[in-house]
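sequence first, then the predicted structure:
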Amino acid sequence: MSRREPDVSPSEPDERMPRRLLPPDQHFAQSLPNGQSPEPFDDASFELSNFVDVQTIQSLMNDFYSFSHIPMAIVDINGEVLAGVGWQKICTGFHRVNPGTCRNCVDSDTQLTVGIYPGEYRLYKCKNNMWDVATPLMLGEHHVGNVFAGQFFFDDEPLDREYFLAQAARYGFEEEPYIAALEAVPRFSRQTVKTGIAFMTKLAHIFSEMSYSNFRMVQWVEERKRSEEALLRSEKLASAGRMAATVAHEINNPLEAATNCLYLLQHSANFPPELKDYLDIAERELQRVAHIAKQTLGFYRENAKPANIDVARLVEEVVWLYRPKLNAKELNLTIEHVGNTRPTIAVAGEIRQVVSNLLTNAIDASIPKGTISIRISRVPVNDLNYTRVTVADTGAGVSAVNRSQLFKPFFTTKEAFGTGLGLWVISEIVSKHNGRIRMRSVEGRGTVFSVFLPETMRAIAITR
């Protein structure tokens, strides 16, 4: 058997080995035995390189090449060469460089992998008139890459010099070095190629099995990580709940004392009448604190029942309480009433908590001399009427990354100053009232929160 040695060292693949066999958007295709044709598994997080030891594969291929001299490559579904050895100069110096012959290579590589079943191979003469072989790499039922071997001739076939001389003339190759590169292409017996192909298909099967095992291991690790994170969040919530219950229990006595003092002031003959409005607000706020404490301790369902509330008046009271903070940042706050709102069935203390939290967030997000707008309106949705409270600010806005996290417990963008519970708590309150909360934000322009509360306790269908 006559065979010419390639012009590369067995242990040192050609440094000019092409890093990509196909364009990124040219996927390989293949069909499974059951007739289905799954889409290539090209999710960026599941690239073949993430699940195979490229250095070990390269070493193995180098060893195989040292005695077989069969050029090989491991290529992922995007055409990226992960490992390779024995690339011929006629490929790296001519065919892959010229646009016309490179197009022949791409067409041939695409055809090589169409309809190949896992565990099988295809022997194909490329459009540049040299032999190639391909067998698919699988990750479960997903086609993630290929094992290629190629750029050789059989030793029992005549070398068609006239074809390659015409090729050189057609594509402008310098004839002498092009024919010299052609002479360096290895020639194998059919038995050698058959043995090499058997090795390739077994190697592809082993790689597929190893890759799938690694993939399943990564999945298991990620699932365990998610479970641990969920458990940690649960433990945090439980711990926060215990602490909140303890605080709520401890503040009951001073609350009762403050309430008694207010009662005495209200019934004092010497109390100035012009201060009575302040006294009434202080009493309502103490009642709200007491209600939150009871709710935390588990007494909420027994003692707190929905009733008709005037949402517009409630908003005015919350804004009045936050006037000092608004003035400190020189914020301009406007309240707009659209149409005639009607009493809404809700738990007043909880809705006050919702408005208070949204207003606090708007103040914190606003730059000095910014604007906060509050609108109260009555809107129909699916033949039902709702009171809509909108709180808008002109602050920095919420990034796209953070938007999906805002209503999760313990997520905060306020670093050391936030607990990460405010929006989660109010979303739970709104949901309990069969309402919905919706957020829209544009970075650099501001954020808008809209709360929809049904006038009755019937459910509504508004997406967040």
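Arrived safely. Numbering: from 1, shown residues only.

now whichever strand in the chain runs longest, how far from the centre of its chain.
The longest strand of the chain (DSSP state E) is strand 142-154. Put simply, strand 142-154 sits 33 Å off its chain's centre (CA atoms, centre = their mean, to the nearest Å).

which elements pack onto that strand?
strand 72-76, helix 99-112, strand 131-139, strand 187-188, helix 190-266 (3 or more CB pairs under 8 Å, 6 or more residues apart in numbering; DSSP states H and E). (Each C-beta comes from the backbone N, C-alpha and C, glycine too.)

buried residues of the helix or strand following that strand, list them for me.
Once the chain leaves strand 142-154, the next helix or strand it forms, by DSSP states H and E, is helix 161-171. Of all the residues in helix 161-171, those buried under the rule 16 or more other CB atoms under 10 Å are 164, 167-168, 171.

quickly note the distance from Asp109 to Gln151.
Noted for Asp109: a distance of 12 Å to Gln151, by CB to CB, to the nearest Å.

what do those two both touch?
Counting by CB atoms under 8 Å, 6 or more residues apart in numbering, the shared contacts of Asp109 and Gln151 are Asp132.

secondary structure element for the residue located most distally from the centre of the chain?
Of all residues in the chain, Ala269 has its C-alpha farthest from the mean position, at 65.8 Å, by CA atoms, centre = their mean. Under the criterion DSSP H and E, no helix or strand holds Ala269.

cool, Thr341 as well?
Going by DSSP H and E, Thr341 is not in any helix or strand.

next, the residue nearest to it when sequence neighbours are not counted: secondary structure please.
The shortest distance from Thr341 to any non-neighbouring residue, by CB to CB, 6 or more residues apart in numbering, is to Arg378 (4.9 Å). Recorded secondary structure, Arg378: strand (DSSP: H, G, I helix; E, B strand; the rest coil).

so Arg378 versus His337, what's the distance?
10 Å.

look at those two and report which has more neighbours.
Arg378 (17 against 14; other CB atoms under 10 Å).

so the more buried one is in contact with Thr344, correct?
No - Arg378 is beyond contact range of Thr344, at 9.4 Å (criterion: CB atoms under 8 Å).

where does the stretch 201-350 of the chain have low pLDDT?
Applying pLDDT under 70 to the stretch 201-350 of the chain picks out residues 211-212, 214-215, 227, 229-245, 294-304.

tell me how many other residues crowd the residue lying closest to Thr192 once chain neighbours are set aside.
In this structure, Thr192 finds its nearest non-sequential neighbour in Ser68, 7.3 Å apart by CB to CB, 6+ apart. By the criterion of other CB under 10 Å, Ser68 has 19 neighbours.

got phi/psi on Ser68?
Note on Ser68: its backbone torsions stand at phi -100, psi -30 [degrees, to the nearest 10].

any idea how far it lies from His249?
The value you get for Ser68 to His249, if CB to CB is used, is 79 Å.

now Val425
19 Å.

more neighbours, the two?
Val425 (16 against 12).

could you give the mean pLDDT of the host helix or strand of the more buried one?
Using DSSP H and E, Val425 falls within helix 422-432. Across helix 422-432, pLDDT averages out at 85.

what's next to it, contact-wise?
350-351, 353-354, 357-358, 360-361, 406-411, 436-437, 451-453.

keep only those of those that are in helices.
350-351, 353-354, 357-358, 360-361 (DSSP state H).

including neighbour count, could the residues you listed go into JSON lines?
Shown next, in JSON lines, are these (neighbours: other CB atoms under 10 Å):
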{"residue": "Glu350", "neighbour count": "22"}
{"residue": "Ile351", "neighbour count": "26"}
{"residue": "Gln353", "neighbour count": "20"}
{"residue": "Val354", "neighbour count": "27"}
{"residue": "Asn357", "neighbour count": "19"}
{"residue": "Leu358", "neighbour count": "27"}
{"residue": "Thr360", "neighbour count": "15"}
{"residue": "Asn361", "neighbour count": "22"}
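
of all those, which comes closest to Asp277?
If you rank the ones in helices among the contacts of helix 422-432 by distance to Asp277 using CB to CB, Ile351 comes first, at 21.1 Å.

touching, that closest one and Ile309? I think so.
Yes - contact criterion CB under 8 Å: Ile351 and Ile309 qualify, at 6.6 Å.

which neighbours do those two share?
Shared contacts of Ile351 and Ile309 (CB under 8 Å, 6+ apart): Thr344.

how much space separates Asp107 from Ala169?
Asp107 is 21 Å from Ala169, by CB to CB.

likewise for Val133?
For Val133, the distance to Ala169 equals 29 Å [CB to CB].

with Gly444 instead?
Distance from Gly444 to Ala169, by CB to CB: 61 Å.

Arg436 too?
Going from Arg436 to Ala169 by CB to CB gives 73 Å.

same deal with Thr101?
13 Å.

could you find the closest non-adjacent residue to Arg440?
Of all residues not flanking Arg440 in the chain, Val448 sits nearest, at 4.8 Å (CB to CB, 6+ apart).

so that neighbour, which of the three states?
Strictly by three-state DSSP, Val448 counts as strand.

ok so, going back, for the residue nearest to Thr192, list the residues it contacts.
For Ser68, the contact set (CB under 8 Å, 6+ apart) comprises 192, 196, 199.

what of Cys105?
Per CB under 8 Å, 6+ apart, neighbours of Cys105: 21, 91, 95-96, 126-128.

angle of the longest strand of the chain against helix 190-266?
160 degrees (axes from the mean of the first three to the mean of the last three CA atoms, to 10 degrees).

run the angle between strand 142-154 and strand 131-139 for me.
Going by the same axes, to 10 degrees, strand 142-154 makes 160 degrees with strand 131-139.

in strand 142-154, what's buried?
142-153.

burial of the residue lying closest to Ala365 once chain neighbours are set aside, as a residue count?
If the residues on either side of it in the chain are set aside, Ala365 comes closest to Gly395, at 3.4 Å by CB to CB, 6+ apart. By other CB under 10 Å, the residues close to Gly395 number 21.

in a strand, Gly395, correct?
No - Gly395 is assigned coil when assessed by three-state DSSP, not a strand.

need the contact list for Asn128.
95, 101, 104-105, 108, 167.

which SS class is it?
Criterion first, three-state DSSP; result for Asn128: coil.

show the pLDDT at it.
pLDDT, Asn128: 90.

how much space between it and Ala134?
15 Å.

now do Ser441
Applying CB to CB to Ser441 and Ala134 gives a distance of 50 Å.

with neighbour numbers in mind, choose between the two.
Between Ser441 and Ala134, counting by other CB under 10 Å, Ala134 is the more crowded of the two (26 against 20).

would you agree that one is in contact with Gly115?
No - with contact defined as CB under 8 Å, Ala134 does not count as touching Gly115 (11.3 Å).

so who does Ser373 touch?
333-334, 336, 390-393.

top of those by number of neighbours, please.
Greatest neighbour count in the contacts of Ser373, by other CB under 10 Å, goes to Asp393: 27 neighbours.

neighbours of the closest residue to that one other than its chain neighbours, how many?
Excluding the flanking residues, the one nearest Asp393 by CB to CB, 6+ apart is Ala362, at 4.0 Å. For Ala362, the count of nearby residues is 27 (other CB under 10 Å).
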